[in-house]
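In: The sequence isn't on hand, but the structure is:
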């Protein structure tokens, strides 16, 4: 089995977990393809003895499964590197909360055993595509989590005109607007009051950031909708953040947002559901008095 491994290079305290993973994989028939920067971090900075069959320097690789070792940010970067290949991604949570990377380092041995026995499931997650009329967007235009249109740090709130399938919805006066997939509903959108959406739902959500009007509420719509955004700003520019990768755009820029023509495949353990993740990560139903 071929593994492509990506990792966070800012977690030196997790070196034992990194070493444990490679030790487990080497007990099986496995080819290890490791991201070049992550490999040099492991060998040069952490002084680990890691044997790689190949170093990954770009997006030109193939594998049976991708392992992301870090938090959700590392998982999103791995998803970007996988792109349209639809290689399943297994997220090992080396960070804090971790909705995408939800496998604990303590569980990795059991997870690898289940993987080799074929005892797992693969979930397909929707992706958002962002386009500009002139195609001038320099950052990667696909988002597994969300696309956020935001004011610049020191500017006044912005006006965001929204059209859905050609029909005018409204003009938001706000600090920004988040268009989120179900996967991203537990990320940035949740922190500003957006709804939690189960991954299998064919829905995108639109959530304003600090809207001027209290009547502006999050909106859920089918993910086959085409969303068009245009922005007015006193600073004459605004930020577009696509899964955290940001770019400044002039206010004349019109963004078109739609469902991407591919999906991201996510590894899921058997008997482990999205609802159990909500209970464990968000402490739903937990009584601190007990």
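Out: Arrived safely, thanks for sending. Owing to the predicted nature of the structure, the values given are computational and were not obtained by experimental measurement.
In: where's the closest residue to residue 182 other than its chain neighbours relative to residue 209, distance?
Out: Nearest residue to residue 182, sequence neighbours excluded (C-beta to C-beta, 6 or more residues apart in numbering): residue 197, at 4.0 Å. All C-beta atoms are positioned from the backbone trio N, CA, C, and that covers glycine. Counting by C-beta to C-beta, to the nearest Å, the gap from residue 197 to residue 209 is 18 Å.
In: again, but for residue 47
Out: According to C-beta to C-beta, residue 47 and residue 209 sit 44 Å apart.
In: count of neighbours near the closest residue to residue 173 other than its chain neighbours?
Out: Of all residues not flanking residue 173 in the chain, residue 212 sits nearest, at 3.8 Å (C-beta to C-beta, 6+ apart). Residue 212 has 13 neighbouring residues, counting by other C-beta atoms under 10 Å.
In: and residue 212, what pLDDT?
Out: Here the pLDDT value assigned to residue 212 is 91.
In: what pairs with the helix or strand harbouring residue 55, and is each one parallel or antiparallel?
Out: Using DSSP states H and E, residue 55 maps to strand 54-56. Here strand 54-56 is paired, per DSSP bridges, with strand 31-35 (parallel).
In: quick one on the thing from earlier: pick out whichever of residue 47 and residue 209 has more residues nearby.
Out: Ranked by neighbour count (other C-beta under 10 Å), residue 47 and residue 209 place residue 209 first, with 23 against 8.
In: who's in contact with the more buried one?
Out: Neighbouring residues of residue 209 by C-beta atoms under 8 Å, 6 or more residues apart in numbering: 148, 150, 174-178, 192.
In: What of residue 204?
Out: Residue 204 touches 126, 128, 179-181, 220-223, 225, 227, 259, counting by C-beta under 8 Å, 6+ apart.
In: And for residue 272, the neighbour number?
Out: With other C-beta under 10 Å as criterion, residue 272 counts 16.
In: residues in contact with the strand holding residue 55?
Out: With C-beta under 8 Å, 6+ apart as the test, strand 54-56 has contacts from 4, 6, 31-36, 39, 61, 81.
In: which of those residues lies closest to residue 254?
Out: residue 81 (28.9 Å; C-beta to C-beta).
In: Is that closest one part of a helix or strand, or is it coil?
Out: Three-state assignment for residue 81 (DSSP: H, G, I helix; E, B strand; the rest coil): helix.
In: got a list of what it touches?
Out: Taking C-beta under 8 Å, 6+ apart as the criterion, residue 81 is in contact with 6, 35, 56, 59, 66.
In: how about the helices in the protein?
Out: Under the criterion DSSP state H, the chain carries helices at the ranges 15-26, 36-40, 72-82, 108-116, 188-191, 274-282.
In: do you know which of the ones you listed lies nearest residue 243?
Out: When the helices of the chain are compared by C-beta to C-beta, helix 72-82 sits nearest residue 243, at 4.8 Å.
In: Any of the contacts of strand 54-56 buried? List them.
Out: Restricting these to buried positions leaves 4, 6, 32-35, 39, 61, 81, with burial counted as 16 or more other C-beta atoms under 10 Å.
In: quick revisit: quick one: the residue nearest to residue 173 and residue 175 touch, right?
Out: No: with contact defined as C-beta atoms under 8 Å, residue 212 does not reach residue 175; the gap is 9.2 Å.
In: what sits in contact with each of those two?
Out: Shared contacts of residue 212 and residue 175, defined by C-beta under 8 Å, 6+ apart, comprise residue 157.
In: quick one: low-confidence parts of the stretch 151-290 of the chain?
Out: Applying pLDDT under 70 to the stretch 151-290 of the chain flags the ranges 290.
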